[in-house]
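Participant: just need the structure, nothing else, for what follows:
(chains A, B, C, D and E)
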Amino acid sequence: MIIGEVISKVVSTRKYDSLQGFKLLVIKPCFGSKDDYFVAADELGAGEGELVLVSRGEAAQHALIKDTPIDALVVGLIDEKPSINVSNTAGMKQ
Amino acid sequence: MIIGEVISKVVSTRKYDSLQGFKLLVIKPCFGSKDDYFVAADELGAGEGELVLVSRGEAAQHALIKDTPIDALVVGLIDEKPSINVSNTAGMKQ
Amino acid sequence: MIIGEVISKVVSTRKYDSLQGFKLLVIKPCFGSKDDYFVAADELGAGEGELVLVSRGEAAQHALIKDTPIDALVVGLIDEKPSINVSNTAGMKQ
Amino acid sequence: MIIGEVISKVVSTRKYDSLQGFKLLVIKPCFGSKDDYFVAADELGAGEGELVLVSRGEAAQHALIKDTPIDALVVGLIDEKPSINVSNTAGMKQ
Amino acid sequence: MIIGEVISKVVSTRKYDSLQGFKLLVIKPCFGSKDDYFVAADELGAGEGELVLVSRGEAAQHALIKDTPIDALVVGLIDEKPSINVSNTAGMKQ
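Facilitator: All right, here's what the predicted structure looks like:
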């Protein structure tokens, strides 16, 4: 999964019926900048500026009642920003 | 999902029969430039220059009537470019 | 899907039986250079130098008669190089 | 799979019920730096600073008792950092 | 699929039972350097320094007798390094 910030909403009136009812949110991945913004479907009510946990790929289907053509789903709202302390011992940078 | 711009059409006469009937569109991802152009199948009638919402991977199958060897599908047409306002509070840039 | 150029063949005598009968082709993605060369299985008879349409991931299984441990499959031969004209209006470069 | 270092925990109280019971760990991939940190679910009890083996995508489902919306799972704890000796003969750098 | 060089072995005593019996190999992708090293499971007996063909994602399951939480599997040993000759005609570099 990835942790990302909700930075915008997407409106798409002409879409497959099975996408009806989902909010579509633009997500900015929090860690590093290599991953582009992407769009995740949301049923948990995440608001702009909130940190969310997103599952991508087929994993999204395992939270939904019926098969839906989405490849990214908000699966949790993050309580607090995780503190990142990278020990230099275990890491194996080349 | 990703938001992308339709920038061209692809013609492939010799292909698997199950691909017949789909328009094949070259998509330029809108956010950031790291993601390459790719090809998405389309049944919604997206035109060149339009912004579309694309699901990638197996998610595409969940919008189709029968299994089809496509890994990217236009699942919606975007009404309006989402406004991007990145709050600096939540983001956790290293 | 991606559009790529067939640049070489791969020979692998010791492999899973279910891979028998497929040509294995080295594909150079045409758009941008970020994506590395990769290997796709082929049943359509693509030759070196030809442009092909490749589906990646589980989508490949939906064109095959039986489950096969391949994650990239040539699903079409491209008639003509798509002309790329990127309108600057719709794009949302940061 | 990838080898990564556990660098933090993630707390998400509001999440899908099926995610209950899993520890959520921030993983820093060990090899190279191109891959961003990401979050993996864990049932094996990996602690901070430990090296873990993570499976990503649908593979995670094959270790779990029921379908769960996670796309990365710790599937093993690494005994020792693998020694990396890259022979220059076989490699085919361009 | 990708072609990679086996550069090391990984030992993980505490892992899911379904991973027992597989050798775990660190693979260095041969083409380009953008792809990080990763770990693939192996049943074909690939040795260090050998070139292997690896399938990633769910494709790996289609070679195995039972579902296993692995996302990369050695599916063939490469007889000879493929000769790479990139014709400048078909390529469509921007």
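Participant: just the element for the nearest residue to A:Phe22 once chain neighbours are set aside, please.
Facilitator: In space, and not counting its chain neighbours, A:Phe22 is closest to A:Ala41: 4.0 Å by C-beta to C-beta, 6 or more residues apart in numbering or on different chains. Bear in mind the C-beta positions are built from the backbone N, C-alpha and C, glycine included. Taking DSSP states H and E as the criterion, A:Ala41 maps to strand A:38-42.
Participant: rewinding a little: got the contact list for the residue nearest to A:Phe22?
Facilitator: A:Ala41 is in contact with A:19, A:22-25, A:60, A:68, A:70, A:72-74, B:1, counting by C-beta atoms under 8 Å, 6 or more residues apart in numbering or on different chains.
Participant: who does it bridge with?
Facilitator: Beta-bridge pairing for A:Ala41 (DSSP bridges): A:Leu24, A:Leu73.
Participant: pLDDT at it, what is it?
Facilitator: pLDDT for A:Ala41: 98.
Participant: tell me how many other residues surround A:Gly45.
Facilitator: Using other C-beta atoms under 10 Å in any protein chain shown, A:Gly45 has 10 other residues around it.
Participant: and what about the closest residue to chain E within chain A, helix, strand or coil?
Facilitator: For chain A and chain E, the shortest gap (C-beta to the nearest C-beta) falls at A:Glu58, measuring 8.0 Å. With DSSP: H, G, I helix; E, B strand; the rest coil as the basis, A:Glu58 sits in helix.
Participant: how about the spatially most central residue of chain A: what's its closest non-neighbour residue?
Facilitator: Closest to where the C-alpha atoms of chain A average out (C-alpha atoms, centre = their mean) is A:Val54, at 3.0 Å. If the residues on either side of it in the chain are set aside, A:Val54 comes closest to A:Ala40, at 4.9 Å by C-beta to C-beta, 6+ apart.
Participant: what helix or strand does the residue of chain A found nearest chain D sit in?
Facilitator: Nearest residue of chain A to chain D, counting by C-beta to the nearest C-beta: A:Gly76, 3.1 Å away. Take DSSP H and E as the rule and A:Gly76 turns out to sit in strand A:72-77.
Participant: mean confidence (pLDDT) on that strand, please.
Facilitator: Average pLDDT, strand A:72-77: 98.
Participant: quick one, that strand and strand A:38-42 angle?
Facilitator: Put simply, strand A:72-77 runs at 60 degrees to strand A:38-42, going by axes from the mean of the first three to the mean of the last three C-alpha atoms, to 10 degrees.
Participant: specify the local secondary structure of A:Ile70.
Facilitator: coil.
Participant: ok, it - contacts?
Facilitator: Residues counted as contacts of A:Ile70 (C-beta under 8 Å, 6+ apart) are A:19, A:22, A:40-41, A:60, A:64, B:1, B:55, B:59, B:75.
Participant: skip the chain neighbours and tell me the closest residue to it.
Facilitator: In space, A:Ile70 is closest to A:Ala41, 4.3 Å off (C-beta to C-beta, 6+ apart).
Participant: how close does that neighbour get to B:Gly76?
Facilitator: Distance from A:Ala41 to B:Gly76, counting by C-beta to C-beta, to the nearest Å: 11 Å.
Participant: shared neighbours of these two, anything?
Facilitator: Residues within reach of A:Ala41 and of B:Gly76 at once, by C-beta under 8 Å, 6+ apart, are A:19, A:24.
Participant: pretty sure A:Asp42 contacts A:Leu73?
Facilitator: Yes: using C-beta atoms under 8 Å, A:Asp42 is in contact with A:Leu73, at 7.4 Å.
Participant: those two - which one has more neighbours?
Facilitator: Higher neighbour count among A:Asp42 and A:Leu73: A:Leu73, with 29 against 23, using other C-beta under 10 Å.
Participant: can you count the residues close to A:Asp79?
Facilitator: A:Asp79 has 13 neighbouring residues, counting by other C-beta under 10 Å.
Participant: ok, it to A:Leu53 distance?
Facilitator: A:Asp79 is 10 Å from A:Leu53, by C-beta to C-beta.
Participant: got any residues that touch both of these two?
Facilitator: D:Ser12.
Participant: quick one: the strands in chain A, in order.
Facilitator: Using DSSP state E, the strands found in chain A span residues A:2-9, A:23-29, A:38-42, A:51-56, A:72-77.
Participant: of all those strands, which lies closest to B:Glu48?
Facilitator: strand A:38-42 (21.2 Å; C-beta to C-beta).
Participant: chain center to that closest one: distance?
Facilitator: Remark: strand A:38-42 is offset 6 Å from the chain centroid, using C-alpha atoms, centre = their mean, to the nearest Å.
Participant: now swap in stretch A:12-26 and tell me
Facilitator: Distance of stretch A:12-26 from its chain centroid, counting by C-alpha atoms, centre = their mean, is 15 Å.
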